[in-house]
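Engineer: My questions concern the predicted model and sequence given below.
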Amino acid sequence: MSHDYFKAYREGHGYNYYVAGDLRSRGIECTVPDLEIEHDSNKWSRFTKNEKDIILSNGDILEVKSVRQEFGEDPESWPLERIIVDTYSGFNGKSKRPIAYVFVSQKTKKMLAMSTANPSLWSVERKFDKYRQKEDDFYFAPKRLLRPLDKLVDYLKSRQ
């Protein structure tokens with residue numbers, strides 16, 4: 001059975017709305033751009049460059065990653081010693097990089113956040129992406145960089 005990349009992309013976009021709804025309920029103004037899917041692989045780099053998951057009222061960007069790991073609101077509940085942040089090309093190819101990543105458990109719907117202020121603390125590893133069926137370079141971050149979503153909300157409120 002092959003992976004339906006476009007179906008997964010649409011499901012992932014739903015998590016953008018989930019996170020944005022939670023942020024708005026906490027007083028953070030934000031929007032989720034309409035879903036765009038680029039079927040032409042020759043245009044994917046342009047698409048990646050301009051893709052934004054959540055746009056804050058000041059123009060800053062949040063990236064949302066839904067993951068299969070089961071965790072709660074405490075970063076210590078993350079079950080692994082590290083996090084796959086993004087592909088190297090995905091993060092570095094953005095015209096405007098996100099200020100933080102929000103990881104959502106597909107199982108518990110709990111969220112954890114990680115700042116992008118110190119990518120020098122991340123490592124790069126070449127791994128096989130079983131969904132796209134190809135090797136790619138990925139950023140990995142140590143678990144200790146995760147924060148409760150409340151910390152991200154406090155930070156965002158301090159900047160409004």
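Structural biologist: Good, I have the coordinates.
Engineer: Could you use CA atoms for every contact and neighbour count after this?
Structural biologist: Will do.
Engineer: Pull the distance from stretch 95-113 to the chain's centre.
Structural biologist: Stretch 95-113 sits 5 Å away from the centroid of its parent chain (CA atoms, centre = their mean, to the nearest Å).
Engineer: Next, the distance between the ends of it.
Structural biologist: 21 Å (CA to CA, to the nearest Å).
Engineer: Look at Val85 and give its secondary structure.
Structural biologist: What DSSP: H, G, I helix; E, B strand; the rest coil gives for Val85 is strand.
Engineer: remind me which residues of the chain are low pLDDT?
Structural biologist: Filtered on pLDDT under 70, the chain yields the residue ranges 1-10, 37-50, 131-132.
Engineer: Could you spell out the sheet neighbours of the longest strand along it, each with its direction?
Structural biologist: Taking DSSP state E as the criterion, the chain has its longest strand at strand 134-142. Strand 134-142 pairs in its sheet with strand 82-87 (antiparallel), strand 123-129 (antiparallel), by DSSP bridges.
Engineer: Leu145 is in contact with Met114, isn't it?
Structural biologist: Yes: between Leu145 and Met114 a contact is recorded at 6.1 Å, counting by CA atoms under 8 Å.
Engineer: Great, nothing more from me.
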